[in-house]
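Trainee: Give me a model of this one.
(one chain, ligands or ions: 2)
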Amino acid sequence: MLGEQDIVHRFLTTGRQVHPDVVSYLKDRNDSALIDQILTQLPNDALVVSSCHVPGMKGERDGTRFLPEPHLEILRGADGMSTPSGNFADFLHYFRDRFTRLGEMIRVRAPGIPIQALSRNTMYRQQQECTIIGMVSDIRTTTNGHRLAEVEDATGQIPVLFNKDRPAFTEAERIVPDEVIGVHGKLSNDGKLFFADSLIRPDIPITHAPFHSDHPGKAIFISDTHVGSNTFMNKEWNKFVSWVEGSDAQYLLIAGDLVDGIGVYPNQDSELVIRDIYEQYATLGEMLSTLPHHIIIVLSPGNHDIVRGVEPQPPIPENFRKGFPSNCVWVENPCLLSLQGVRVLMYHGRSIDDMIGLIPDASYAHPQQMMEEMLRRRHLALTYGKRVPLAAEKTDRLIIDPVPEILHTGHIHTSGITTYRGVLGINAGAWQSQTVFQKQMNINPTPGRAVVLDLQSLQPEVLDFTISP
Ligand SMILES: [Fe+2]
Ligand SMILES: [Fe+2]
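Mentor: Ligands and ions are numbered 1, 2, ... in the order given. Sure, this is the predicted structure:
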């Protein structure tokens, strides 16, 4: 007799998730050879085995409502992908990869010259305008109020001055360390300084046209459930669960801080109702088990979760997944998913803390703006050595490439939606009311909300579960 666990395990050993409808179908058929047949016929890119892969199985009916076939693929950030965080030498590879790839995005719009050419070629001392492309190794304000950036490419480096009376100054105020920029301008007569006229960022191409699903589908976006905290919003969560039960959504995405964790900040104990980390996850598992089993639930970690804080963060390890239903899919932070062809970049958003310290008008109240800053720079967490520890990997997996249809973030517990050059940014909020820390910091979260997205129209809708009844 084939048990559910056996079936799930058979697929897991080949690196595949399996849709719960397929599990119950196979359980009823009790035919082990059928599993072999499915596995041999499965396309290489199929990460979730659904009814379309099972000979003789039709799309399932749930009560009277016909559910369109969900189709989820993990394009990047699948379980087992993350590598050790690397050593110092690996950072050279990492930053070189960042410079090359982000530099290329600028170069297609504004061809640049190597920084070394500025000193080698005399025409640049004679006020010949040009563009240089480099990584910002330092940025500061001079005593006269101008902005001075140290810009570096593979051939050399040069200080770049953004005069406070020139138009590029406003953008220069928003430069963060380790971002890759293009600067158009000219060299000073003595060849020691580059005067900037304009600033060019990698950015989203203006021609970007988002993909729309060709068949019906709905996805729900949430984050920061913080299970275990004494400020977890039970009542609002239960209302959310009732709403999900009656909805026709096929996907639920949770962008990190799944649980509150243990020892994440000093004296956290006094704000926990569940003081055991296994129990925190087990409770979330129970909560998610009450949701309809046809919904694919995608879980990625955040800074409160059990995994390393270094980004990219690996998925929640298997020994914390006990009690979770089989319709859960575990991914890294960040990760890139395709929901019926609509690409979703999920990123918890810890870098927002850094941006708030570095960008003049940035605030916890405006996640929309923070997501736009990420998209303009085509990067999720640029600055090394602040709050976000970065892994020295061979490639920079925090680069935003390809351009997704959706950027889904969390972390700051404030809800906000924006559309920037065709990319929809969603920060749904949290399921934790204001904490002692947030009160001290004067942060006013907007929790108890979810965002539901129609994958055909790409129209989002914010649902507020704090409103009675
Ligand atoms: Fe959080
Ligand atoms: Fe967080």
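
Trainee: How many residues are close by the closest residue to residue 398 other than its chain neighbours?
Mentor: Closest residue to residue 398 in three dimensions, ignoring its sequence neighbours and counting by C-beta to C-beta, 6 or more residues apart in numbering: residue 380, at 4.4 Å. Glycine gets a C-beta too; all of them are placed from N, C-alpha and C. Residue 380 has 27 neighbouring residues, counting by other C-beta atoms under 10 Å.

Trainee: what does residue 386 give?
Mentor: By the criterion of other C-beta under 10 Å, residue 386 has 19 neighbours.

Trainee: so what's the backbone phi/psi at it?
Mentor: Main-chain torsions, residue 386, degrees, to the nearest 10: phi -110, psi -130.

Trainee: repeat for residue 337
Mentor: Dihedral pair for residue 337: phi -120, psi 160, per degrees, to the nearest 10.

Trainee: wait, what's in contact with the nearest residue to it once chain neighbours are set aside?
Mentor: Excluding the flanking residues, the one nearest residue 337 by C-beta to C-beta, 6+ apart is residue 344, at 4.7 Å. Residue 344 makes contacts with 219, 253, 336, 337, 338, 404, 405, 406, 407, 408, as judged by C-beta atoms under 8 Å, 6 or more residues apart in numbering.

Trainee: Give me the next element, helix or strand, following the helix or strand encompassing the fifth one.
Mentor: In this structure, residue 338 is located in strand 328-339 according to DSSP states H and E. Scanning forward in sequence from strand 328-339, with DSSP H and E defining helices and strands, the next element found is strand 342-346.

Trainee: Compute the inter-axis angle for that following strand and strand 328-339.
Mentor: 130 degrees (axes from the mean of the first three to the mean of the last three C-alpha atoms, to 10 degrees).

Trainee: How about residues contacting whatever helix or strand comes next after strand 342-346?
Mentor: Next helix or strand after strand 342-346 toward the C-terminus (DSSP H and E): helix 351-358. The contact list for helix 351-358 (C-beta under 8 Å, 6+ apart) reads 176-177, 362-364, 367, 370, 373-374, 380-383, 386-388, 409, 411-412.

Trainee: Is there a quick ChimeraX command that grabs whichever of the residues you listed are buried?
Mentor: Buried residues within the contacts of helix 351-358, by 16 or more other C-beta atoms under 10 Å, are selected in ChimeraX with:
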select :176,177,362,364,367,370,373,374,380,381,382,383,386,387,388,409,411,412
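
Trainee: Look up how far ligand 1 lies from the residue nearest to residue 398.
Mentor: Using C-beta to the ion, to the nearest Å, residue 380 is found at 16 Å from ligand 1.

Trainee: again with residue 420
Mentor: On the measure of C-beta to the ion, residue 420 and ligand 1 end up 23 Å apart.

Trainee: for residue 390, same thing?
Mentor: Relative to ligand 1, residue 390 is positioned 20 Å away (C-beta to the ion).

Trainee: I figured that residue hits residue 94, correct?
Mentor: Yes: between residue 390 and residue 94 there is a contact at 7.5 Å, judged by C-beta atoms under 8 Å.

Trainee: Wasn't residue 10 part of a strand?
Mentor: No: read with DSSP: H, G, I helix; E, B strand; the rest coil, residue 10 is helix and lies in no strand.

Trainee: For it, list the residues it contacts.
Mentor: So residue 10 contacts 35, 39 (C-beta under 8 Å, 6+ apart).

Trainee: Swap in 10 Å and give it another go.
Mentor: With contact taken as C-beta atoms under 10 Å, 6 or more residues apart in numbering, residue 10 is in contact with 2, 16, 18, 26, 32, 35, 36, 38, 39, 49.

Trainee: Looking at those residues, which are in strands?
Mentor: Of these, the ones assigned to strands by DSSP state E are 18, 49.

Trainee: Of the contacts of residue 10, which qualify as buried by neighbour count?
Mentor: Counted by 16+ other C-beta under 10 Å, the contacts of residue 10 give 2, 16, 18, 26, 35, 38, 49 as buried.

Trainee: Specify which member of these is nearest to residue 235.
Mentor: residue 18 (34.0 Å; C-beta to C-beta).
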